Each structure stands twice: as structure tokens, then as C-alpha cells.
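A.B. asks: I would like to see how this sequence folds:
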Amino acid sequence: MTTGRFIALEGGEGAGKSTQARLLADALRARGVEVVVTREPGGTPGAEAIRKLLLEGVPDDAGPGWNPRAEALLFAAARSDHVERLIKPALARGAWVVCDRFLDSSRAYQGGGGGLSDADIVALHAIGSEGLLPDLTLLIEVTPDVAAQRLALRDTGGTDRIGGRDTSYHARVAQAFASLAESEPDRFVRIDGNRTPEATQAGVLAALAPLLDSA
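C.D. replies: Here you go, the predicted model:
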């Protein structure tokens, strides 16, 4: 049986995570590996319902949205269901799980962007998801100019409540991601996402080579 592996793709808005998740899944399947591609928040019916609340808000509520503490609790609840019902079963049967965002997005967005303590977010994860961490986290980094160009093409119908926050918020998020990668180099690989999708994919596959060789 193929050893199950858990790969998370992280980064700010417009980094190209969804594209890289799809390309990585294609490359793994070409090697005969079972792959489950998923996302956060989401991945299960319950988590997708919470995603809608987080990104679209509550119907007829024109207020400012969830406060950072409520937002972190909702993300942790969605992640708990996602881990229990999709990620852990897939890993147990030997599949590779490729996830567009995981815990480190909460640490960067609700922590770095929203001002919550990293310890509190990690504690929520310990309770909700028993502290599960990816085997490898790929942080795809792009410059603000490149992100803005991609978002202009992607978000022609508008953006969600988190993606639409101001530039200072997203700058704090980017700095938080960079700080996490610097402090946990054994778990993170930083990928230059300013290049073409194909060139970025080459960097992703190079980062995964040790795990692929041991599979």
C-alpha cells in the first residue's frame, strides 16, 4: 500500500494555490497514487456550510461580519469536521491528501491579520483536530503586484468577505506566513509563485521529491 501523505498549500490571495493543487494531483495520479484534493474551509458538507457563513456572511446581515475570535472558532470547527470525516480516513487507506489551505492559514489570517495570539489558534487546533499537521506545507509566495493582477482576472464578480479586506490586512497576513516559514523550516518549503504555473509546479515537485522517493 502507498504511504498516505498530507500536503498543504498555503499563501495569500492570488498565490495560485488552487492551480498548483490541481497540477500536483495530476502529477501524483500519473505515478499511480490515489489523491484526494480538498480545501479549507470546506471539504465535507458541514465544513462547506461553515465556509458559506465565513465567506458570504449571514443572509440579511449587513454588519461588519464575524469578529476575529468567532471567525477563528468557525474555522476550527470546519477543520475538525474536515479532518475527522475526510482527511484522516483518506490517509488511513494510503491516499495522498492535497489541501488548499490548512491550519497555517488560520495562524496567518486570524492571527497575523486579525490579531489573535498564535497560541490560542494552535490550542483550538489541538482541541478540534487533535493537532494534526501536514507532512509538508508548501508556502507559495507572490509579490503584491502579481497577486493584484491575478485577482483582477479572477474576481470579476466580486470577492468574498475575507479576500476583500484592505491591503494592510493582507500585508500582515503575508508577513505572518513568512514568519511561520522562517520559524518552522522543517515543515515548510517556500515556493516562488511569481513564475508560470508550470515553472511553479516544477518547484513544488522538487520540494516533494523526498516524500515521493519514500512512498
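A.B. asks: does the residue in the chain sticking out farthest from the centre count as helix, strand or coil?
C.D. replies: Residue farthest from the centre of the chain, counting by C-alpha atoms, centre = their mean, is Asp60 at 28.7 Å. Under the three-state scheme (DSSP: H, G, I helix; E, B strand; the rest coil), Asp60 adopts coil.
A.B. asks: From Ser214, how far off is it?
C.D. replies: 52 Å (C-beta to C-beta, to the nearest Å). No exception for glycine: its C-beta is placed from N, CA and C like everyone else's.
A.B. asks: Strands of the protein, residue ranges please.
C.D. replies: Taking DSSP state E, the strands of the chain run over residues 5-10, 35-39, 96-100, 136-141, 188-192.
A.B. asks: So, low pLDDT: which residues of the chain?
C.D. replies: Along the chain, the model assigns pLDDT under 70 to residues 1-2, 155-158, 215.
A.B. asks: same thing but at 50, please
C.D. replies: Along the chain, the model assigns pLDDT under 50 to no residue.
A.B. asks: what distance separates the start and the end of stretch 134-150?
C.D. replies: By C-alpha to C-alpha, to the nearest Å, the extent of stretch 134-150 from end to end equals 27 Å.
A.B. asks: what do you get for stretch 105-122?
C.D. replies: OK, stretch 105-122 end separation, C-alpha to C-alpha: 11 Å.
A.B. asks: do stretch 91-111 as well
C.D. replies: Stretch 91-111 end-to-end distance (C-alpha to C-alpha) = 28 Å.
A.B. asks: Please state the backbone phi and psi of the residue farthest from the centre of the chain?
C.D. replies: Dihedral angles of Asp60 (phi, psi; degrees, to the nearest 10) stand at phi 70, psi 10.
A.B. asks: mind listing what it touches?
C.D. replies: Applying C-beta atoms under 8 Å, 6 or more residues apart in numbering to Asp60 gives no contacts.
A.B. asks: Perfect, I'm done here.
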